[in-house]
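K.L.:
model this:
(one chain, ligands or ions: 3)
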Amino acid sequence: MKKVAVLGSTGSIGTQTLDVIRQHPEQFRVSLLACGQNIELVKKQIAEFQPAVVAIAKESDLGKLEAHLPTETRAIAGESALLDALAETEAEFVMHAMVGSQGLKPTMAAIKAGKTIGIANKETLVTAGHLVTAASNRYGAQLIAVDSEHSAILQSMQGSNRGDVERLIITASGGSFRDWSAEEIQHAAPEDALKHPNWSMGQKVTIDSATMMNKGLEVIEAHWLFDMPYENIDVVIHRESIVHSLVEYQDKSVIAQLGTPDMKGPIQYALSFPDRLELEGPERLNLWEVGTLNFEKIDPVKHRCLLMAYQAGEAGGSAPTVLNAANEVAVQRFLEGKLSFPGIATVIENALAAHTVAAAPSIEEVLEIDEETRKRVRNGSER
Ligand SMILES: NC(=O)C1=CN([C@@H]2O[C@H](COP(=O)(O)OP(=O)(O)OC[C@H]3O[C@@H](n4cnc5c(N)ncnc54)[C@H](OP(=O)(O)O)[C@@H]3O)[C@@H](O)[C@H]2O)C=CC1
Ligand SMILES: CC(=O)[C@@H](O)[C@H](O)COP(=O)(O)O
Ligand SMILES: [Mn+2]
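P.N.:
Numbering: from 1, shown residues only. Ligands and ions are numbered 1, 2, ... in the order given. Modelled structure (predicted):
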């Protein structure tokens, strides 16, 4: 029986993680649930999974939970209580499905406690990949990819020597605006951007898909997870989201992982890694129904967020921290109707241009640069 902590239990990945756990009561038990502000949903999750600890973001919400706690469940609130709970929890596996670089401290706490971490929270690896990988080596904590592309890469590497890998090829759907003209995109509204062609996901990652920053974050995520130089990581547009990514070996053989677009597959693979279990939910892949799989080149003008991410990744140090923080605030401003869709890329470009890169920032420096960037971008004049 694997004991599991689910961070971000009320979100898209969090709820699907619980869907998977529900299918395998003999294999997994929930020890800790952590969420932000969706108290109504977490109440139902507590009743069903009876975790030892439930962690919520705000102390003022604790009162809403009290009457609904089973005797074996302790409720806590705030970031430092969550970090303490991660240090103490009996859970050996942490599914990290919080959104944004606010996930960094919980990642570090789970690493220091020697947990195995299913890392959906890609912003952690973008903002401080050098610190996260160094700490996971030091404390013997394993990071297992959950992001569909990185899960595909991990699956395509099984049974092969890492040293034989030549190139990673990450697929991108192209996002909500892949068939829109530059003129149409100028006036794109949040509700348009939130209509992803293939995946049902949280708001932030859906907007990132539309700007292609999601793919940029994923290139940096792949660099850290698989210790691969940026020049050996390619991105290809693949409209169907059936081929989830590919690995090329030195003998030019290419191994890919395919499936219908459903995150329950990668979530379960991370939970049961390296074993496989039966899974209900995703449609079986029928290639004769799919018919054709398309692959296209990246467009450097339309996909400028992706190019900025490559540049920030290559620059290293604090550049990806700035890229990520500027992106998070720009996406929020766009969702609030305070920034145009093309304005997201402009905001990030300006934030990177204004920043002098620190070569190997400490965790304190990363957090400070993240905060400074957020302040600058929140008060920015870009529209
Ligand atoms: N959704 C997907 O299919 C995929 C997502 N990812 C990545 O996974 C991560 C999660 O994405 P997704 O599930 O879509 O996001 P959602 O927005 O759906 O969920 C985010 C979760 O984080 C929780 N949260 C927010 N603030 C806090 C806090 N202070 N403390 C604890 N929990 C908090 C939210 O709680 P609440 O709602 O209660 O406020 C919610 O449970 C992201 O990094 C994303 O890029 C990667 C691949 C696919
Ligand atoms: C499901 C998942 O992993 C998302 O990160 C997905 O990659 C989004 O799709 P695109 O970024 O390819 O549009
Ligand atoms: Mn992905």
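K.L.:
OK, contacts around whichever residue of the chain sits closest to ligand 1?
P.N.:
Across the chain, the shortest distance to ligand 1 (CB to the nearest ligand atom) belongs to Gly11, at 1.9 Å. Heads up, the C-betas are built off the backbone N, CA and C, glycines and all. By CB atoms under 8 Å, 6 or more residues apart in numbering, the residues touching Gly11 are 35, 97-99, 202.
K.L.:
among the residues you listed, who's most crowded?
P.N.:
Ala97 (28 neighbours; other CB atoms under 10 Å).
K.L.:
pretty sure that residue sits against Leu7.
P.N.:
Yes - between Ala97 and Leu7 there is a contact at 6.0 Å, judged by CB atoms under 8 Å.
K.L.:
mutual contacts of the two, please.
P.N.:
The contact sets of Ala97 and Leu7 overlap at 14, 121 (CB under 8 Å, 6+ apart).
K.L.:
near ligand 2, which residues of this structure?
P.N.:
The interface of the chain toward ligand 2, taken as CB under 6 Å from any ligand atom, is made up of 147-149, 172-173, 175, 199, 205, 209, 214-215, 263.
K.L.:
now, these that are in strands?
P.N.:
The members of the residues of the chain next to ligand 2 that map onto strands under DSSP state E are Ala172.
K.L.:
and the residues of the chain next to ligand 2 as CSV, adding pLDDT and neighbour count?
P.N.:
CSV is the format used below for these (pLDDT from 0 to 100; neighbours: other CB atoms under 10 Å):
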residue, pLDDT, neighbour count
Asp147, 98, 28
Ser148, 98, 23
Glu149, 98, 28
Ala172, 98, 24
Ser173, 98, 21
Gly175, 96, 25
Trp199, 96, 16
Val205, 98, 23
Ser209, 98, 25
Asn214, 98, 28
Lys215, 98, 26
Met263, 98, 24
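K.L.:
intersect the residues of the chain next to ligand 2 with the contacts of ligand 3.
P.N.:
With respect to ligand 3, and counting by CB under 5 Å from the ion, the subset of the residues of the chain next to ligand 2 in contact is 147-149.
K.L.:
just to be sure, Val236 is in a strand?
P.N.:
Yes - counting by DSSP: H, G, I helix; E, B strand; the rest coil, Val236 is found in a strand.
K.L.:
what about the nearest residue to it once chain neighbours are set aside, how many neighbours?
P.N.:
By the measure of CB to CB, 6 or more residues apart in numbering, the closest residue to Val236 outside its immediate chain neighbours is Phe295, 5.1 Å from it. Here the neighbour count serves as a burial measure; for Phe295 (other CB under 10 Å) it reads 12.
K.L.:
and if you look at Gly313?
P.N.:
Here the count is done by other CB under 10 Å, and Gly313 has 24 residues near it.
K.L.:
and stretch 190-209, is it in reach of ligand 1?
P.N.:
Yes - applying CB under 6 Å from any ligand atom, one finds stretch 190-209 touching ligand 1 at 199, 201-202, 204-205.
K.L.:
closest one to Leu285 out of the residues you listed, please.
P.N.:
Distances from these to Leu285 were compared by CB to CB; the smallest belongs to Trp199, at 15.4 Å.
K.L.:
can I assume the closest one is in contact with Ser241?
P.N.:
Yes - because the distance of 6.7 Å satisfies CB under 8 Å, Trp199 is recorded as touching Ser241.
K.L.:
still on that earlier bit, can you tell me which of the residues of the chain next to ligand 2 are in helices?
P.N.:
Judged by DSSP state H, the subset of these located in helices is 148-149, 205, 209, 214-215.
K.L.:
find the nearest non-adjacent residue to Gln186, please.
P.N.:
Closest residue to Gln186 in three dimensions, ignoring its sequence neighbours and counting by CB to CB, 6+ apart: Pro342, at 6.1 Å.
K.L.:
what about the one you found, is that helix, strand or coil?
P.N.:
helix.
K.L.:
next, count neighbours for it.
P.N.:
Neighbours of Pro342 under the rule other CB under 10 Å: 18.
K.L.:
now do it against Val94, distance only.
P.N.:
Separation of Pro342 from Val94 (CB to CB, to the nearest Å) stands at 37 Å.
K.L.:
before we move on, what about Ala312?
P.N.:
Noted for Ala312: a distance of 27 Å to Val94, by CB to CB.
K.L.:
thinking again about what came up before, would you mind measuring from the residue of the chain closest to ligand 1 to Leu279?
P.N.:
From Gly11 to Leu279 the distance is 20 Å (CB to CB).
K.L.:
next: Met212.
P.N.:
Distance check for Met212 against Leu279: by CB to CB, it reads 29 Å.
K.L.:
repeat that for Leu83.
P.N.:
Where Leu279 is concerned, Leu83 sits at a distance of 32 Å (CB to CB).
K.L.:
cool, and Lys105?
P.N.:
As judged by CB to CB, Lys105 and Leu279 stand 32 Å apart.
K.L.:
kindly report the same for Ser181.
P.N.:
According to CB to CB, Ser181 stands 40 Å off from Leu279.
K.L.:
looking at the two, which one has more neighbours?
P.N.:
More neighbours surround Leu279 than the other of Ser181 and Leu279, with 17 against 9 (other CB under 10 Å).
K.L.:
that older thread, what sits in contact with each of Trp199 and Ser241?
P.N.:
Counting by CB under 8 Å, 6+ apart, the residues touching both Trp199 and Ser241 are 173, 261.
K.L.:
quick check: the residue of the chain found nearest ligand 3 vs Thr206, distance?
P.N.:
Here the chain gets closest to ligand 3 at one residue, Asp147, 4.2 Å apart by CB to the ion. With distances defined as CB to CB, the gap from Asp147 to Thr206 amounts to 14 Å.
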